[in-house]
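In: From the sequence below, what's the structure:
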Amino acid sequence: MEDASGVDLDWFWRGWFYDIQPVDIALDTVRVFTYGPGGEQAAADAPSFNWGGDDEDATFVSISSRRNKESNLRFLVDQDTSLRDFYYYYKPEKKQPSSTPAGAEPVRPPAKAKEVISADEAKKFEGKYYYELTFSNKGGLVTPVILQWNYADGTSEMEYINAYIWRKNENKFVKSFLKNKAVASIVVDPYKETADIDENNQSWPKGEVKINRFELFKSSRPNRRGSGNQAGNPMQKAKKNN
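Out: Below you'll find the predicted structure:
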């Protein structure tokens, strides 16, 4: 592939053949800029220390389910309702949005020098939103970056950034986006296509800290002395309540 393309791809193949590092891409900071009339630049920082938002897992639909629905594929549980079990109807309890921890005073990064542009140039940017996103590769394995932009008007948009973005720096990159609408939230890899091992650093604003399934499984197993979480799974809890 390198001979045919004439491009050095060592930065890409290293993680796949010579290492065992996982995928863990973090959305570190989000900075928002708008341009006001008269060519003056108004900057509004939106760093990663903003907490809040809904629990993603409560309404998560996998990409496979989404594609099956779009292709009008019908499963046996849809054709024969008697096959539906407890977990077909089970919906996890939705957590309340968290608030900024008491006494927490996040430190904003120092303001950068603003570039002065003419009034004619500023007209092209009036009513638009300029987003500067900083990503870091905490896992080590380079991968495409998949973004879901959720706008304030309720619409959403998917955007794919090629893995080639990591070619000059495998640890970090900054990318800018020009949008016509205000963004309410950003989610990295919303359909879990890249097998990222940590979902707690993949969204803005920051939401509830999520416990992955492996950690949840370990916490529910009793240890050798018989202690552990005896609450049971959701189906066992439902039976006790009945």
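In: contacts and neighbour counts: CA atoms only from here.
Out: OK.
In: Quick one: the helices in the protein, in order.
Out: Here the chain has its helices, by DSSP state H, at 2-5, 10-17, 63-70, 76-79, 86-89, 119-123, 213-220, 234-241.
In: out of the ones you listed, nearest to residue 177?
Out: helix 119-123 (16.4 Å; C-alpha to C-alpha).
In: Return that closest one as PDB; C-alpha atoms alone will do.
Out: Provided in PDB are the C-alpha atoms of helix 119-123 (Å, rounded to 0.1, in the frame of the first residue of the first chain):
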ATOM      1  CA  ALA A 119     -16.100  44.700   8.100                       C
ATOM      2  CA  ASP A 120     -16.500  43.200   4.600                       C
ATOM      3  CA  GLU A 121     -14.700  40.000   5.600                       C
ATOM      4  CA  ALA A 122     -16.800  39.700   8.800                       C
ATOM      5  CA  LYS A 123     -20.000  39.800   6.900                       C
END
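In: Residue 126 - how many residues pack around it?
Out: When neighbours are counted by other C-alpha atoms under 10 Å, residue 126 registers 15.
In: and it, bridged to which residues?
Out: residue 35 (DSSP bridges).
In: Show the pLDDT at it.
Out: In this prediction, residue 126 carries a pLDDT score of 78.
In: cool, residue 237 as well?
Out: Reported pLDDT for residue 237: 80.
In: rewinding a little: quick one: closest of the helices of the chain to residue 137.
Out: Counting by C-alpha to C-alpha, residue 137 lies closest to helix 10-17 out of the helices of the chain; the figure is 12.2 Å.
In: Now do the buried residues in the closest one.
Out: Neighbour-count burial for helix 10-17, counted by 16 or more other C-alpha atoms under 10 Å, picks out 11-12, 15.
In: And for stretch 189-206?
Out: Applying 16+ other C-alpha under 10 Å to stretch 189-206 flags 189-191, 194, 196, 198-206 as buried.
In: Let's have the buried residues of helix 10-17 in a markdown table, adding distance to residue 83.
Out: As requested, the buried residues of helix 10-17 are exported to a markdown table (distance: C-alpha to C-alpha, whole Å):
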| residue | distance to residue 83 |
| --- | --- |
| 11 | 49 |
| 12 | 46 |
| 15 | 43 |
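In: With distance to residue 25 and pLDDT added, can I get the residues you listed in JSON lines?
Out: As requested, the buried residues of helix 10-17 are exported to JSON lines (distance: C-alpha to C-alpha, whole Å; pLDDT from 0 to 100):
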{"residue": "11", "distance to residue 25": "16", "pLDDT": "81"}
{"residue": "12", "distance to residue 25": "15", "pLDDT": "83"}
{"residue": "15", "distance to residue 25": "14", "pLDDT": "82"}
